[in-house]
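Colleague: Structure of the sequence below:
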Amino acid sequence: MPTIHPQALVDSRAELADDVEVGAFSIIGPHVKIGAGSVIGPHAIVTGRTTLGVNNRVFQFCSIGEISQDKKYSGEAVTTTIGDNNTIREYVTIHAGTVQDRGDTRIGNDNWLLAYTHIAHDCVVGNHTVFSNGAQLSGHVHVGDHVTMGGFSGVHQFCRIGAHAMVAGGSIIVQDVPPYMTVAGYPAKPAGVNSEGLRRRGFSAEDIQAIRRAYKTLYREGLTLKEARDKMAQEAALFPVLEMLLRFLEAEGRGIVR
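Modeller: Next up, the predicted model:
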């Protein structure tokens with residue numbers, strides 16, 4: 001049986017694995033599912049049609065699965081889906097999706113969402129990300145794997161942040177951030193390659209050099225975006241690490257930071 005503090009309110013229709021822990025004064029709604037090994041701290045609210053996978057740690061005063069801050073929301077049965085092994089620190093807010101988009105807000109596995117992070121409706125967050133304190137996503141944002149969001153950074157709705165990118169603290173993102181890049185400022189501008197992050201994740205020196213050359217092609221040679229893509233495509237034949245960058249640049253979005 002789950003371990004539920006006597007002063008917690010857990011709806012009898014909620015589905016909790018046998019070893020889930022729920023702290024004092026927390027509230028778990030009727031359509032919530034929480035997987036094995038998860039801990040919900042005190043004063044947390046998990047509501048809506050929300051699913052948490054296994055081994056998640058939700059700290060005090062979080063709000064997960066609440067309806068979106070979108071005036072178009074009219075009571076539709078939308079969802080929030082969170083994977084496994086996530087750490088969700090104090091005062092994090094994660095809102096459910098809307099039928100105007102996915103109808104689901106989705107967070108992957110092994111993410112660190114530090115205090116006061118906000119993830120708005122219909123966002124998609126990958127795996128192994130780190131959101132520093134106060135990082136904020138507007139609605140419909142997509143964040144790739146291994147992204148680092150600096151403290152008090154903010155992302156405009158519908159933006160994409162590519163895998164392995166790093167957003168400096170206090171930055172405001174109003175256009176798409178390509179994979180592997182570091183951006184900084186208000187509005188955010190390119191600030192080099194996330195070389196240290198790539199090294200820590202086992203990228204070879206040759207691949208990192210190829211990414212640096214791609215950065216130069218994209219941002220330093222005065223080429224149009226198409227010209228830069230064409231040049232990088234030739235390099236990608238020798239360095240497949242660039243293929244993800246090329247796919248990102250070819251996809252429809254808000255235009256990249258430049």
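
Colleague: can you map out the helices along the stretch 101-250 of the chain?
Modeller: Secondary structure of the stretch 101-250 of the chain, counting by DSSP state H, counting those that start in this stretch: helices at 195-200, 205-219, 225-236, 243-250.

Colleague: Give me the distance between the shortest one and the centre of its chain.
Modeller: Mean C-alpha position of helix 195-200 versus that of the full chain (CA atoms, centre = their mean, to the nearest Å) differs by 19 Å.

Colleague: And for the residue nearest to residue 170 when sequence neighbours are not counted, the neighbour number?
Modeller: By the measure of CB to CB, 6 or more residues apart in numbering, the closest residue to residue 170 outside its immediate chain neighbours is residue 152, 5.2 Å from it. Any C-beta I mention is one placed from the backbone N, CA and C, and that applies to glycine too. The criterion is other CB atoms under 10 Å. On that basis, residue 152 has 15 neighbouring residues.

Colleague: Surely residue 152 and residue 135 touch.
Modeller: Yes - the criterion here is CB atoms under 8 Å, and residue 152 meets it with residue 135 at 7.1 Å.

Colleague: Check residue 213 and give its pLDDT.
Modeller: With respect to pLDDT, residue 213 scores 97.

Colleague: And for residue 252?
Modeller: Residue 252 is assigned 89 on the pLDDT scale.

Colleague: what's the domain layout of the protein?
Modeller: Under the assignment automatic domain parsing, the domains of the chain span 3-140, 199-250.

Colleague: so which of the ones you listed comes closest to residue 187?
Modeller: domain 3-140 (13.9 Å; CB to CB).

Colleague: Just the terminal-to-terminal distance for that closest one.
Modeller: With CA to CA, to the nearest Å as the measure, domain 3-140 spans 35 Å from end to end.

Colleague: Off-centre distance for that domain?
Modeller: Taking the mean of its C-alpha atoms, domain 3-140 sits 13 Å from the chain's own mean (CA atoms, centre = their mean).

Colleague: for stretch 164-179, same thing?
Modeller: Going by CA atoms, centre = their mean, the spacing between the C-alpha centre of stretch 164-179 and its chain's C-alpha centre is 12 Å.

Colleague: any idea of the mean pLDDT for that stretch?
Modeller: 98.

Colleague: And for stretch 85-103?
Modeller: Throughout stretch 85-103, pLDDT has a mean value of 97.

Colleague: ditto for stretch 26-39
Modeller: Taken as a whole, stretch 26-39 has a mean pLDDT of 98.

Colleague: Kindly report the same for stretch 54-74.
Modeller: 97.

Colleague: Alpha carbons of that stretch, in PDB - could you do that?
Modeller: Once non-C-alpha atoms are left out, stretch 54-74 reads as follows in PDB (Å, rounded to 0.1, in the frame of the first residue of the first chain):
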ATOM      1  CA  VAL A  54       8.600   5.600 -11.800                       C
ATOM      2  CA  ASN A  55      11.100   7.100  -9.400                       C
ATOM      3  CA  ASN A  56      10.100  10.700  -9.600                       C
ATOM      4  CA  ARG A  57      10.700  13.100  -6.700                       C
ATOM      5  CA  VAL A  58       8.300  16.000  -6.300                       C
ATOM      6  CA  PHE A  59       9.300  18.500  -3.700                       C
ATOM      7  CA  GLN A  60       7.100  20.700  -1.600                       C
ATOM      8  CA  PHE A  61       4.700  23.300  -3.000                       C
ATOM      9  CA  CYS A  62       4.700  22.100  -6.600                       C
ATOM     10  CA  SER A  63       1.700  22.300  -8.800                       C
ATOM     11  CA  ILE A  64       1.500  19.600 -11.500                       C
ATOM     12  CA  GLY A  65      -1.200  19.000 -14.100                       C
ATOM     13  CA  GLU A  66      -3.300  22.100 -13.400                       C
ATOM     14  CA  ILE A  67      -5.300  23.700 -16.300                       C
ATOM     15  CA  SER A  68      -3.400  26.000 -18.600                       C
ATOM     16  CA  GLN A  69      -3.100  29.800 -18.300                       C
ATOM     17  CA  ASP A  70      -4.800  30.000 -21.700                       C
ATOM     18  CA  LYS A  71      -8.000  31.800 -22.200                       C
ATOM     19  CA  LYS A  72      -9.000  29.400 -24.900                       C
ATOM     20  CA  TYR A  73      -9.200  26.500 -22.500                       C
ATOM     21  CA  SER A  74     -12.900  25.400 -22.100                       C
END
